[in-house]
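1. Quick one: sequence and predicted model below, then my questions.
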Amino acid sequence: MSITVKDVQHVAKLARLQLSPEEEATFTEQMNAILQYAEKLNELDTENVKPTTHVLQVSNVMRDDVVKESLSQEEALLNAPEAEDGHFKVPAVLE
C-alpha cells in the first residue's frame, strides 16, 4: 500500500488545510515512509508472544473506597464568588 499525492490532497481537504505542491510532495514521501516502517512489523514472528495491553507488568494500586465526612453545602459555598439557592452561580454560557 502506498500513499499518492491525491490521498494527501484528500486528507488536507478533510483537515481544511491548504498545502503547496512542495508540501504535498513532502507529506506524500513522509507518509509512505511511515507505512513502509509499519510494514516491517509484519515481518516479526509474534507466534509465542502473549497479547498485552501494557508493555510493563502493572496492576491497579487503588485504595479501597471509604466513606469519610465531607463538606456541608454551606461550607462548600463559603468561598464561592457567587451563590444562589444553595448552588454555585456562574456566568451563562448559552444565550
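-> Okay, I see it.
2. which residues in this protein form strands?
-> In order along the chain, the chain carries the following strands (DSSP state E): 83-84, 87-88.
3. May I see these organised as a markdown table, with distance to Lys50 added?
-> All C-beta spots, glycine's among them, are computed from the backbone N, C-alpha and C. Putting those into a markdown table (distance: least, CB to CB, whole Å) gives the following:
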| stretch | distance to Lys50 |
| --- | --- |
| strand 83-84 | 55 |
| strand 87-88 | 49 |
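4. Show me the one of those that comes nearest Thr28.
-> Counting by CB to CB, Thr28 lies closest to strand 87-88 out of these; the figure is 52.0 Å.
5. Give the partner strands of that closest one in its sheet and their orientations.
-> Strand pairing for strand 87-88, determined by DSSP bridges: strand 83-84 (antiparallel).
6. For the partner strand, which outside residues touch it?
-> Counting contacts by CB atoms under 8 Å, 6 or more residues apart in numbering, the residues outside strand 83-84 that touch it are 77, 89.
7. mean confidence score for it?
-> The pLDDT scores in strand 83-84 average 92.
8. if we can go back for a sec, any idea which of the strands of the chain is most buried?
-> Looking across the strands of the chain with neighbours counted as mean count of other CB atoms under 10 Å, the highest average goes to strand 83-84: a mean of 12.
9. ok, back up a step: kindly state which of the strands of the chain is positioned closest to Ala25.
-> Closest approach to Ala25 among the strands of the chain is made by strand 87-88 (54.1 Å; CB to CB).
10. Pull the distance from that closest one to the chain's centre.
-> 31 Å (CA atoms, centre = their mean, to the nearest Å).
11. go on, stretch 4-13?
-> Its chain's C-alpha centre and that of stretch 4-13 lie 23 Å apart, by CA atoms, centre = their mean.
12. re earlier: any idea which of the strands of the chain gets closest to Ser20?
-> Proximity to Ser20 (CB to CB) singles out strand 87-88 among the strands of the chain, at 49.8 Å.
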